[in-house]
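A.B. asks: Sequence and predicted model, in that order:
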Amino acid sequence: MGGQEPVKQLEECSVAKQGDEPELPTIPPLVIILSQGTVLALGTWVFSVAGALLAIPVGIKRKSLAPLVFFGTTGTMLDIIMGISACEREHAERQMKLLREAENSAALEAPD
């Protein structure tokens with residue numbers, strides 16, 4: 001049981017709200033690299049809004065709420081998946097940074 005990984009806490013991610021702070025957290029789960037090297041980061045609300053905006057005209061045309069249910073839930077699901085992926089990526093980057101710092105400090109303390 002000594003080889004268990006520490007449990008990740010959602011509070012450690014920038015996707016989660018950080019206490020009662022009034023400022024909004026930085027949320028870059030989807031990063032698109034354009035041809036010129038420009039990076040476009042989308043927040044975790046983009047797919048929900050896009051799904052709703054797409055569902056409204058389709059629902060009006062079909063006179064049904066089914067498109068809103070489908071596109072709304074699909075967009076929300078994608079937002080959740082992208083947020084969790086961002087949290088896992090941040091956690092892995094943090095662990096790699098800690099590992100590198102531990103290796104560097106061990107290398108400095110080792111006698112030559």
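C.D. replies: That came through fine. Numbers count the residues shown, from 1 in each chain.

A.B. asks: can we go C-alpha only for contacts and neighbour counts from here?
C.D. replies: OK.

A.B. asks: now for the strand or helix carrying Ala106, which elements pack on it?
C.D. replies: When elements are assigned from DSSP states H and E, Ala106 belongs to helix 66-109. With contacts taken as 3 or more Cα pairs under 8 Å, 6 or more residues apart in numbering; DSSP states H and E, helix 66-109 sits against helix 46-62.

A.B. asks: for the helix it packs on, what is the average pLDDT?
C.D. replies: On average, the pLDDT along helix 46-62 is 91.

A.B. asks: Quick one: residues in contact with it.
C.D. replies: Counting by Cα atoms under 8 Å, 6 or more residues apart in numbering, helix 46-62 makes contact with Leu65, Ala66, Pro67, Leu68, Phe71, Gly72, Thr73, Thr74, Gly75, Thr76, Leu78, Asp79, all of which sit outside it.

A.B. asks: what residues are up against the second one?
C.D. replies: This points to Ala66. With Cα under 8 Å, 6+ apart as the criterion, the residues that contact Ala66 are Gly59.

A.B. asks: sorry, back to before: next, the angle helix 46-62 makes with the helix holding Ala106.
C.D. replies: 170 degrees (axes from the mean of the first three to the mean of the last three Cα atoms, to 10 degrees).

A.B. asks: What about Gly75, how many residues nearby?
C.D. replies: Per other Cα atoms under 10 Å, the neighbour tally for Gly75 reads 21.

A.B. asks: For it, give its distance to Gly51.
C.D. replies: If you measure Gly75 against Gly51 using Cα to Cα, to the nearest Å, the figure is 5 Å.

A.B. asks: same check, this time on Val58
C.D. replies: The spacing between Val58 and Gly51, counted by Cα to Cα, is 11 Å.

A.B. asks: With Met82 instead?
C.D. replies: Taken as Cα to Cα, the span from Met82 to Gly51 is 15 Å.

A.B. asks: Give me the neighbour count for Ile80.
C.D. replies: When neighbours are counted by other Cα under 10 Å, Ile80 comes out with 17.

A.B. asks: With Ile84 instead?
C.D. replies: For Ile84, which is what you asked about, the neighbour count (other Cα under 10 Å) is 18.

A.B. asks: now do the one 3 residues further on
C.D. replies: Counted with other Cα under 10 Å, the neighbours of Cys87 add up to 24.
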